[in-house]
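**Q** Sequence isn't available, so here's the structure alone:
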């Protein structure tokens, strides 16, 4: 049986830079500075002027007139690598993180599902292009071979083992990831590329160089894994540093949309909905501004969340410019199938939930109320006004009861002969424990021919009748 094991390695050479400054290519040189190694990463504009990673900072400044700089943040780089793994997770199940800037994907087992390498690679390319991050990739019959090809700009996308070996052969010794001393000794022996080493007897190499070199060469030729397996985190928690201070709430929409796009990818990967988000806006001297955004029945759509956040930002006055955004989602729910009409064009409950979410976002959680039923059978005590959404972010439940919600505040006596009785009587009795005087009434559903509406009538113990409520 043919060996179907195949790996794809994706390297993001400007991962930390783009995580800090954004994925749009800037005409202004951008530098990430490392206190120990000088220039950690730079964009295309800086490279065109002669700046290279590892260059001394003073030398780089001599080559540039206008420049944007930031400090290298290893934690932010790893968080972005996790987000990219999440983006690809729906297309490939076995993804491994290879810090600081690589992903190793085992794709051999996925070829049958996608009916070929081209379809799988096309799906991955579409997702990577959508992310905007600069990348380079390659396939390999081992995970390490794919990594070496990718970081050496050999974009080989093929399952042909011989083509992969041919692509590895011309790669220089010092570009194979070998120990620096071993690479120098091999070059002093006249061995300059992988092909020169591959043809040598391994026993002789092991005798001269020790087991470390043999292990590295074996990893290039024997299927094995790299890095550690990616797992979806249990909560969504992301922070975004703004490149410029945001003085107005309207200028926050673009960076918020970037966070919400990541949230949508997270929810799709988990196949769930978020019912509330918490957005924290950090300032320089003032306490952070905190917003809670509610979707009544949950949502995963970045556009829907953006519209709800926009409603809150419209009425928000910032105490100070915003330096960073922090978005959290802690509570999730399963994604139910919407129930519509026969043609699938109407979702009245979904529309009602969407309207409620808009009202809550616009007016606040404690400003939107709804009528709900209570356990008390007496009509005048059977309903009450409650917040439309409880503290847990769920719509306030209501007990089903075939009684009218609209009840007159004062008693209105009526003549029963003016009505057509439809059903009843339904007797409601309450003891002295509920009120001082005994409570016993017979209720009837009735129709008023002249006014053309359904009502609820009450017959009291003394024989008089009163209007108890209106049906919609």
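**A** Okay, I see it. Computed from a predicted model, the values in this text were never measured in an experiment.
**Q** isn't residue 92 right up against residue 105?
**A** Yes: contact criterion CB atoms under 8 Å: residue 92 and residue 105 qualify, at 4.8 Å. Where C-beta positions appear, they are placed from N, C-alpha and C, glycine not excepted.
**Q** Give me the common contacts of those two.
**A** Counting by CB atoms under 8 Å, 6 or more residues apart in numbering, the shared contacts of residue 92 and residue 105 are residue 124.
**Q** Of these two, give the one with the bigger neighbour count.
**A** Neighbours were counted for residue 92 and for residue 105 using other CB atoms under 10 Å; residue 105 has more, 26 against 22.
**Q** And the more buried one, what's its pLDDT?
**A** With respect to pLDDT, residue 105 has a value of 96.
**Q** where's the helix or strand that contains it relative to the chain centroid, distance-wise?
**A** Per DSSP states H and E, residue 105 falls inside strand 102-106. Offset of strand 102-106 from its chain centre (CA atoms, centre = their mean, to the nearest Å): 21 Å.
**Q** And the helix or strand just after that strand, what's buried?
**A** The helix or strand immediately downstream of strand 102-106 is helix 111-114, counting by DSSP H and E. Under the neighbour-count criterion of 16 or more other CB atoms under 10 Å, helix 111-114 has 111, 114 buried.
**Q** any idea of the mean pLDDT in the following helix or strand past helix 111-114?
**A** Using DSSP H and E, the helix or strand that follows helix 111-114 in sequence is helix 117-131. Averaged over helix 117-131, pLDDT sits at 94.
**Q** Packing partners of the following helix or strand past helix 117-131?
**A** Using DSSP H and E, the next helix or strand after helix 117-131 towards the C-terminus is strand 136-140. Secondary-structure packing of strand 136-140 (3 or more CB pairs under 8 Å, 6 or more residues apart in numbering; DSSP states H and E): strand 7-11, helix 143-151, helix 161-168.
**Q** and strand 136-140 with helix 161-168, angle?
**A** 130 degrees (axes from the mean of the first three to the mean of the last three CA atoms, to 10 degrees).
**Q** Strand 136-140 pairs with which strands, parallel or anti?
**A** strand 7-11 (antiparallel) (DSSP bridges).
**Q** Quick check: mean pLDDT of the strand it pairs with?
**A** For strand 7-11, mean pLDDT rounds to 96.
**Q** so that strand versus helix 143-151, what angle?
**A** Inter-element angle recorded for strand 7-11 and helix 143-151: 40 degrees (by the same axes, to 10 degrees).
**Q** Now do strand 7-11 and strand 102-106, the angle between them.
**A** Using the same axes, to 10 degrees: strand 7-11 against strand 102-106 is 160 degrees.
**Q** Make residue 1 into 57 and carry on from there
**A** Got it, first residue is 57 now, which makes that one strand 63-67.
**Q** Give me the angle between strand 63-67 and helix 173-187.
**A** Strand 63-67 runs at 20 degrees relative to helix 173-187, counting by the same axes, to 10 degrees.
**Q** tell me what the strand holding residue 161 is packed against?
**A** Using 3+ CB pairs under 8 Å, 6+ apart: strand 158-162 touches strand 63-67, helix 130-145, strand 151-154, helix 199-207.
**Q** Buried residues in the lengthiest helix in the chain, which are they?
**A** Ranked by residue count and defined by DSSP state H, the top helix of the chain is helix 309-326. Using 16+ other CB under 10 Å as the test for burial, helix 309-326 gives 311-312, 314-323, 326.
**Q** likewise stretch 207-226?
**A** Per 16+ other CB under 10 Å, stretch 207-226 contains these buried residues: 207-208, 210, 212, 215, 220-221, 223-224.
**Q** start to end distance for it?
**A** 14 Å (CA to CA, to the nearest Å).
**Q** contacting residues around it?
**A** Residues outside stretch 207-226 that contact it (CB under 8 Å, 6+ apart) are 59, 62, 64, 67, 158, 164, 167, 173, 177, 192-197, 201, 204-205, 227, 231, 249-251, 254, 276.
**Q** let's go with 6 Å and repeat that
**A** With contacts defined as CB atoms under 6 Å, 6 or more residues apart in numbering, stretch 207-226 is touched by 62, 67, 173, 177, 192, 194-197, 205, 227, 231, 249-251.
**Q** Put the buried members of those into a ChimeraX selection.
**A** A single ChimeraX command selects the buried members of these (16+ other CB under 10 Å):
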select :62,67,173,177,192,194,195,196,197,205,227,249,250
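**Q** Helices of the stretch 257-406 of the chain, start to end?
**A** Per DSSP state H, counting those that start in this stretch, the stretch 257-406 of the chain carries helices over the ranges 258-265, 267-277, 309-326, 358-370, 404-419.
**Q** now the ones you listed in TSV, with mean pLDDT and distance to residue 184?
**A** Formatted as TSV, these follow (pLDDT from 0 to 100; distance: least, CB to CB, whole Å):
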stretch	mean pLDDT	distance to residue 184
helix 258-265	84	37
helix 267-277	86	25
helix 309-326	91	12
helix 358-370	89	18
helix 404-419	62	32
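**Q** need the contact list for residue 72.
**A** By CB under 6 Å, 6+ apart, the residues touching residue 72 are 88, 97, 128, 133.
**Q** pLDDT score for residue 395?
**A** As predicted, residue 395 sits at a pLDDT of 51.
**Q** and the nearest residue to residue 184 once chain neighbours are set aside, how many neighbours?
**A** Leaving aside its chain neighbours, residue 184 sits nearest to residue 191 (5.6 Å; criterion: CB to CB, 6 or more residues apart in numbering). By other CB under 10 Å, the residues close to residue 191 number 21.
**Q** Please state the backbone phi and psi of residue 191?
**A** According to degrees, to the nearest 10, the main-chain angles of residue 191 amount to phi -140, psi 160.
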